[in-house]
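S.K.: Please work out how this folds:
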Amino acid sequence: QVQLVESGGGLVQAGGSLRLSCAASGRTGSNYAMGWFRQAPGKEREFVSTISRSGGYTYYADSVKGRFTISRDNAKNTVYLQMNSLKPEDTAVYFCAAGSAASTYSRVYNNWGQGTQVTVSS
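M.R.: Residues are numbered from 1 along each chain as shown. Have a look, this model is predicted:
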């Protein structure tokens, strides 16, 4: 089991940037592929990005491709999501998750953080 804690959310104007962090504790974070998901009010949770254990493979939802960058520092057991050119439609609670494989499917991930709020004003 691994515990995940997100941080870095906040309020930002459209066009701005934020960097989310997800710190893992418990079993070594590098044992897991990691993913970022988000959930806006009244909507289902959706995939944002994923990264493999080594960091050599990454994948993004079309809606964030070219604007968001996922990375990880296994020495620090931390995964990051750099978010640039933010849009109001990026407003959501962002969750990080750990799982057995880098995937777009939430069911692959069995460890989830509590989420961090990102609000983008127009």
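S.K.: which residues of the protein score low on pLDDT?
M.R.: 27, 29 (pLDDT under 70).
S.K.: Going along the chain, name the helices of it.
M.R.: Secondary structure of the chain (DSSP state H): no helices present.
S.K.: Show the contacting residues for the residue lying closest to Asn74 once chain neighbours are set aside.
M.R.: Of all residues not flanking Asn74 in the chain, Ser30 sits nearest, at 3.8 Å (C-beta to C-beta, 6 or more residues apart in numbering). Placement of C-beta: from N, CA and C, glycine included. Residues in contact with Ser30 (C-beta atoms under 8 Å, 6 or more residues apart in numbering) are Arg53, Arg72, Asn74, Asn77.
S.K.: What separation is there between Ser30 and Tyr94?
M.R.: Here Ser30 is placed at a distance of 21 Å from Tyr94 (C-beta to C-beta, to the nearest Å).
S.K.: The residue minimising distance to the centre of the chain: what's its closest spatial neighbour, skipping adjacent residues?
M.R.: Central residue of the chain (C-alpha atoms, centre = their mean): Trp36, 2.6 Å from the mean position. In this structure, Trp36 finds its nearest non-sequential neighbour in Val48, 4.2 Å apart by C-beta to C-beta, 6+ apart.
S.K.: hang on, isn't the one you found packed against Arg38?
M.R.: Yes. The pair Val48 and Arg38 passes the contact test of C-beta atoms under 8 Å, sitting 5.4 Å apart.
S.K.: quick one: common contacting residues for the two?
M.R.: Common contacts of Val48 and Arg38 (C-beta under 8 Å, 6+ apart): Tyr94.
S.K.: Show me where the protein has its strands.
M.R.: Assigned by DSSP state E, the strands in the chain fall at 2-7, 10-13, 18-26, 33-39, 46-51, 58-60, 68-73, 78-83, 92-99, 109-112, 116-121.
S.K.: residues in contact with Arg67?
M.R.: Here Arg67 is in contact with Met83, Asn84, Ser85, Leu86 (C-beta under 8 Å, 6+ apart).
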